[in-house]
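# Pasting a predicted model and its sequence here:
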Amino acid sequence: MYHVSGMIDPGFSVDMVLMPRSATGTASVHGVSWRVVVVGDDIWLSGSALWKATLPAARAAQLGDGWVHVTDGGAAFGHAQILSKLFRGIATVIFGPHSGLKVTGRTTVGGRPAVELRNATDVYDVAGSGTPYPLRWLDTDTPGPNGQPCGITLDGFDAAAVAVTPPPDVVGTVVPSPHS
């Protein structure tokens, strides 16, 4: 289990607790935010602003701010599928093998001493004492909407796992459209 916060792709940010088969927290795309719960292969989203921005007005009003079971991986501006697999994605893509990384010095991330590694496009900070957990990633060649690099921080690796369960009182389902 760990906590991840930051901009994964330009304009796509998360603040979530991730475990191998579940997750909970918030996500946002270009200023539209919503809540997220993932249990196994199922994902639920909640956020009237999300539905207003992505669904017809009558359907968005019907769903409101309630929890919605999402089976359309293209929902949430195309990010529902990414959110449902975020734990594995971070482990394999962001912190997978990267060529050309060189130790460039020591730094501090979230109050923890860290070792900084860089290559031509990325900066990685890894805990400098104890278990070498990844603490931060910056994608220096992919700026976000504000010109800052995409990047995330990670913490909470030593925290006890939290129980994530499907939300109660689900108000609807968002399924793939027949034109998808």
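Okay, I see it. Residues are numbered from 1 along each chain as shown.
# Where do the strands of this protein begin and end?
Taking DSSP state E as the criterion, the chain contains strands spanning 2-9, 12-19, 22-29, 32-39, 42-46, 67-70, 102-109, 112-118, 122-127, 134-143, 149-155, 170-174.
# Can you list the low-confidence ranges for the chain?
Scanning the chain for pLDDT under 70 picks out 178-180.
# Show me it divided up by domain.
Domain assignment for the chain, taken from automatic domain parsing, gives 2-92+160-174, 99-155.
# any idea which of those domains is most buried?
Ranked by mean neighbour count, those are led by domain 2-92+160-174 with a mean of 17 (mean count of other CB atoms under 10 Å). Any C-beta I mention is one placed from the backbone N, CA and C, and that applies to glycine too.
# For it, measure first residue to last.
Distance across domain 2-92+160-174, first residue to last, is 28 Å (CA to CA, to the nearest Å).
# Same check on stretch 153-172?
Chord length of stretch 153-172, first to last residue, is 33 Å (CA to CA).
# What separation is there between the nearest residue to residue 143 once chain neighbours are set aside and residue 9?
Closest residue in space to residue 143, ignoring its immediate chain neighbours: residue 149 at 5.9 Å, by CB to CB, 6 or more residues apart in numbering. Taking CB to CB, to the nearest Å as the measure, residue 149 falls 12 Å from residue 9.
# what do you get for residue 33?
16 Å.
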